[in-house]
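J.: coordinates for the following, if possible.
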Amino acid sequence: MSSVSVIIPALDEEEPIAGVVRECFATGLPNEVIVVDNGSTDRTAERAREAGARVVTAPRGYGRACAAGVRALSPKCDIAVFLDGDGSDAPAFMNQLVEPVARGTHDFVIGSRTRGQREPGSLNLQQIFAGRLAGLILRLLYGVRYTDMSPFRAIRRDALERLDMREQTYGWNLEMQMKAARDGLRVLEIPVNHRRRAGGQSKVSGTLRGTFVAGARIAATLMRVALG
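T.: So this is what the prediction gives:
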């Protein structure tokens, strides 16, 4: 039986975080849920602990939060699952992500929001376009099919450690997908449902500045990994 750990980066997610943690435990899969408080100014950490999560902290930056979660993994962890703390990802699909990794047929499984059922307003056109465009570029570079840069994903821990992740901000997800393809991991993409966030404001699509900054970091990551 594989040991599964869930990593949830969270910044000012006081409203949804407890529900997300409880949904993760309700699947019966994770041995631990790690919430990485990425500099919240509200009660995100407190609410996460109340729901049963282990809370660690990290300086601002999505990639920094994910990396802190990886460093905090239990030594027994075999499979790491990543998802967002805003309630938009559906933990009910976790088994579909984990099962191919646990069975040994794949090393990295990503959930595609664009191929699944989406609540109206859960993804904007820029996010859909960015995912499709990145997928096209990665297919040309590596021959691997992606349709999304969804944060909801499962990966073998030893495979993740070999990827030597470096990105500290919004390019983390793309860096993982690129390095997984480049290094020959057995990659699978499956459709997952996606919901509107359950509270708070998106740090990426919630403001024009957030959209611009995230886009710039993702583009920089694409160039760095492709040319590295």
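
J.: contacts and neighbour counts: CA atoms only from here.
T.: Fine.

J.: which residue ranges form the strands in the protein?
T.: With DSSP state E as the criterion, the chain has strands at 4-10, 30-37, 54-57, 79-82, 108-112, 153-156, 187-191.

J.: output the contacting helices and strands for the fifth one.
T.: The criterion is 3 or more Cα pairs under 8 Å, 6 or more residues apart in numbering; DSSP states H and E, and the helices and strands that strand 108-112 contacts are helix 94-103, strand 153-156, strand 187-191.

J.: now render those as TSV, adding mean pLDDT, distance to residue 168 and mean neighbour count.
T.: Output for those, formatted as TSV (pLDDT from 0 to 100; distance: least, Cα to Cα, whole Å; neighbours: other Cα atoms under 10 Å):
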stretch	mean pLDDT	distance to residue 168	mean neighbour count
helix 94-103	98	24	19
strand 153-156	98	18	26
strand 187-191	97	23	18
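
J.: among the ones you listed, which comes closest to residue 122?
T.: Closest approach to residue 122 among the helices and strands packed on strand 108-112 (Cα to Cα): strand 187-191, 14.9 Å.

J.: ok, now which ones touch residue 68?
T.: With contact set as Cα atoms under 8 Å, 6 or more residues apart in numbering, residue 68 has these partners: 36, 56-58.

J.: next, count neighbours for residue 123.
T.: The number of residues packed near residue 123 is 18, by other Cα atoms under 10 Å.

J.: tell me, how many residues neighbour the closest residue to it other than its chain neighbours?
T.: For residue 123, ignoring the flanking residues on the chain, the nearest one in space by Cα to Cα, 6 or more residues apart in numbering is residue 196 at 7.8 Å. Residue 196 has 15 neighbours, counted by other Cα under 10 Å.

J.: kindly report the same for residue 228.
T.: With neighbours defined by other Cα under 10 Å, the count for residue 228 comes to 6.

J.: same thing with residue 120?
T.: Number of residues near residue 120 (other Cα under 10 Å) recorded here: 10.

J.: nearest to residue 119, of the helices and strands packed on strand 108-112?
T.: Checking the helices and strands packed on strand 108-112 against residue 119 by Cα to Cα gives strand 187-191 as the closest, at 13.9 Å.

J.: give me the angle between the closest one and strand 108-112.
T.: Strand 187-191 runs at 30 degrees relative to strand 108-112, counting by axes from the mean of the first three to the mean of the last three Cα atoms, to 10 degrees.

J.: what sits against the residue nearest the centre of the chain?
T.: Nearest to the mean C-alpha position of the chain, counting by Cα atoms, centre = their mean, stands residue 151 at 2.5 Å. Each residue near residue 151 by Cα under 8 Å, 6+ apart is listed here: 82-84, 110-111, 173.
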